[in-house]
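Student: mind folding the following:
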Amino acid sequence: MSLIDKISDQAATLTPSERRLVENVIQSPTAAALGTAGELARAVGVHEATASRLAKKLGFDSYAAFRGALREEFIATRETATRFERTIAESTSDTILGKLARDEAKALGGIEDFVSPDQITDIAGMLMKANRIFIYGYGNAEVLALMLVKRFRRFGKQVQQLDTNPRGLAEQILGLGAGDVVLSFAFRRSPRGYAALIETAREVGATTITITGKSGALLSPRPDHLLAAPRAGDPDAYQTLTVPMTVCNAIVIAAGLTAKKESLEKLDRLGQLIERFE
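Tutor: Okay, the predicted model is just below:
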């Protein structure tokens, strides 16, 4: 079980101080893996004992064992990202555009530390096999939801973008059932309607997938499948959608590859229909 999975399993039991520690670890796993319990605790303003208690709550005998798991899961896979960061660090631009580009590149360079190719392939397969796909995005995530709706419709799938209004959302999922897939986005905190949506899907046997940032391990209730990768930008201020957008695009491409012939036939037919209607 990955560290993210262990955190997800204990999300509902974490204290506020433990949550702050978890957020710091997810945001900067390399620093946490190389530091001590005291350094991690001081970074978020909690007592050192909280770090040791968190490690045991996650199933480790000691903080040292927890740190060892961090090193094994993250440090070993950082070489490629580190080289890339070193390359872009040569830029001397002090413009907003230059800094943004560097931040995005750094976040994208480490994306596979958090989301594996196998996860992308598995999620793509689930979506292509689904009876119907329901996509929920609140706030800034609505643009990502709309993009996926359009892409999967082009594959011939029955896809619906869920309303962010509680009453409209309830009406849309009234017929939700087994064989359907609910894909949602959750950044910073659970969006309005998220918990009710996951619980309803679970009751009827629908599969749930959530794409999120560093807060993903703290989501409750936990979805069946979680794709969590930190976004670029200040965690306490503005963060961009480049990383989750990349995850979405990877899913779309992988979905096309899972049924390459059928996908191309659907896209060809779509082109014919567009010509007819125009």
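
Student: with adjacent residues omitted, what lies nearest to T207?
Tutor: Closest residue in space to T207, ignoring its immediate chain neighbours: V181 at 4.7 Å, by C-beta to C-beta, 6 or more residues apart in numbering. (Each C-beta comes from the backbone N, C-alpha and C, glycine too.)

Student: how many neighbours does that neighbour have?
Tutor: Other residues within reach of V181, judged by other C-beta atoms under 10 Å, total 25.

Student: any chance you could read off phi and psi for it?
Tutor: phi -130, psi 130 (degrees, to the nearest 10).

Student: for E171, see how far away it is.
Tutor: 19 Å (C-beta to C-beta, to the nearest Å).

Student: now do the contacts for A51.
Tutor: 21, 37-38, 40-41, 63 (C-beta atoms under 8 Å, 6 or more residues apart in numbering).

Student: that one in helix, strand or coil?
Tutor: helix (DSSP: H, G, I helix; E, B strand; the rest coil).

Student: how about the nearest residue to it, chain neighbours excluded?
Tutor: Of all residues not flanking A51 in the chain, A37 sits nearest, at 4.0 Å (C-beta to C-beta, 6+ apart).

Student: pull out the buried members of the contacts of A51.
Tutor: 21, 37, 40-41, 63 (16 or more other C-beta atoms under 10 Å).

Student: I'd like those residues as JSON lines, with secondary structure, pLDDT and distance to I198 appended.
Tutor: Below are the buried ones among the contacts of A51 laid out as JSON lines (DSSP: H, G, I helix; E, B strand; the rest coil; pLDDT from 0 to 100; distance: C-beta to C-beta, whole Å):
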{"residue": "L21", "secondary structure": "helix", "pLDDT": "89", "distance to I198": "25"}
{"residue": "A37", "secondary structure": "helix", "pLDDT": "87", "distance to I198": "33"}
{"residue": "L40", "secondary structure": "helix", "pLDDT": "87", "distance to I198": "30"}
{"residue": "A41", "secondary structure": "helix", "pLDDT": "88", "distance to I198": "32"}
{"residue": "Y63", "secondary structure": "helix", "pLDDT": "87", "distance to I198": "32"}
